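In: Show me how the following folds:
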Amino acid sequence: MFEAMEQFVRVVELGSFSAAAESLGKKPSSITRKVNQLEHEVKTKLLIRSTRRLDLTPDGEQFYNQCKQILQSVDTAKHSFVKDDARVDGSLGIATFDTVGRGVLVPLIAQFRAKHPETKIAISLDNNLSDLHKGPFDLAIRYGRPDDSSLLFRPLRNMPNVLVASPSYLQQSAPLESPEDLKFHACLAFYRSRQYTWWHFKKGSEHRKIRIDPTLSSEGGTPLLMWAKAHQGITLVSKLFIEEDLKNGNLVELLPNWQASLTEQDNAMLYLVWKPSSAQKPIVRAMINDIVAELSDRE
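Out: From the prediction side, this is the model:
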């Protein structure tokens, strides 16, 4: 069935049985037979055939997307290991955002180059995250599962946000007992091109959307965190990056009964994303392994 799925995906992507057959070095009749067998096995019609074109049925479109994910997962598994004797050299580009770049990638890259000194690595801390297909990047670390089905990815870990401020700021400010009380406080938030910034709060089935008018704003999370520790106000930050500050009392978590997030969907899962073409490079596979080891089960 796996071979039939591969051939079905190739037919859909190339638009005809003959084109798929040519690309795979097979006869069109062989491809047609495999797809017919596949439709018989899944007990539904996948393609609408005409003399001029092929169209996916609704079930076919859903099955195609599932096949793509399965094939990508298999491809990832095949290239997920770096042999001990494999030479890791060459260049690598990684796109991520400010806090993960500074807090995780910068020290990880130093360790990586100590193991593989013949490598060259560039990182971008552009919080908009460059398009992997257009930019000079092989990997990206971002929040939320990517919409682009042509990219390979794996979830790393959940990264919930928390609302924090310094004890000194809280001592001289109004009480904060509900999300609505934020209007009485200095808020430190990401810079947005649109007019308003919103923070979202959930507790059970309850959802509150709070408009924020930032006193200080930044494109990256590092300045926001530095300002919070300098008693400038309240900010929303991933708990992973402030665990030590919470332990030693530099920062205090606020409204702990509410789950705070920057978006209504609360995309707190961190994903590692890469281009299929990049997975062939030993340096990419080695870096994927190191990032997964560092972030997947980090507590």
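
In: Could you spell out which stretches of this structure belong to which domain?
Out: As recorded under automatic domain parsing, the domains making up the chain are 2-78, 90-159+268-295, 161-261.

In: what about the second one, start to end distance?
Out: In other words, domain 90-159+268-295. The first residue of domain 90-159+268-295 is 24 Å away from its last residue (CA to CA, to the nearest Å).

In: 44 is where my numbering starts, stick with that
Out: From this message on, residue numbering opens at 44, which makes the last subject domain 133-202+311-338.

In: How far away from the center of its chain is that domain?
Out: Put simply, domain 133-202+311-338 sits 10 Å off its chain's centre (CA atoms, centre = their mean, to the nearest Å).

In: any idea of the mean pLDDT for that domain?
Out: Averaged over domain 133-202+311-338, pLDDT sits at 85.

In: Report the separation between the closest residue to Arg145 other than its chain neighbours and Val143.
Out: Nearest non-adjacent residue to Arg145, counting by CB to CB, 6 or more residues apart in numbering: Thr265, 5.6 Å away. Where you see a C-beta, it was placed from the backbone N, CA and C, and this is true even at glycine. Separation of Thr265 from Val143 (CB to CB, to the nearest Å): 11 Å.

In: Return the residues in contact with Pro257.
Out: With contact set as CB atoms under 8 Å, 6 or more residues apart in numbering, Pro257 has these partners: Cys230, Leu231, Ala232, Tyr234, Thr240.

In: which element is Arg251 on?
Out: strand 249-255 (DSSP states H and E).

In: Parallel or antiparallel, which strands does the helix or strand following that strand pair with?
Out: Moving toward the C-terminus from strand 249-255, the next helix or strand (DSSP H and E) is strand 259-261. Looking at strand 259-261 with DSSP bridges, its partner strands are strand 230-233 (parallel).

In: and the nearest residue to His176 once chain neighbours are set aside, how many neighbours?
Out: Once flanking residues are discounted, His176 sits nearest to Lys318: 7.1 Å by CB to CB, 6+ apart. Per other CB atoms under 10 Å, the neighbour tally for Lys318 reads 18.

In: Lys318 contacts Leu194, correct?
Out: Yes - counting by CB atoms under 8 Å, Lys318 does reach Leu194; the two are 6.5 Å apart.

In: Can you check which residues contact both of these two?
Out: What both Lys318 and Leu194 touch, as defined by CB under 8 Å, 6+ apart, is the set Leu175.

In: What segments of the stretch 194-342 of the chain are helices?
Out: Ranges of helices in the stretch 194-342 of the chain, per DSSP state H, counting those that start in this stretch, are 210-214, 264-272, 286-291, 325-338.

In: Which of those helices sits closest to Tyr107?
Out: helix 325-338 (26.2 Å; CB to CB).

In: Could you give me the buried positions within that closest one?
Out: Residues of helix 325-338 classed as buried: Pro325, Ile326, Val327, Arg328, Ala329, Met330, Ile331, Asp333, Ile334, Glu337, Leu338 (neighbour count, 16 or more other CB atoms under 10 Å).

In: Could you name the helices and strands sitting against that helix?
Out: Using 3 or more CB pairs under 8 Å, 6 or more residues apart in numbering; DSSP states H and E, the elements in contact with helix 325-338 are strand 133-138, helix 149-158, strand 182-186, strand 195-201, strand 312-317.
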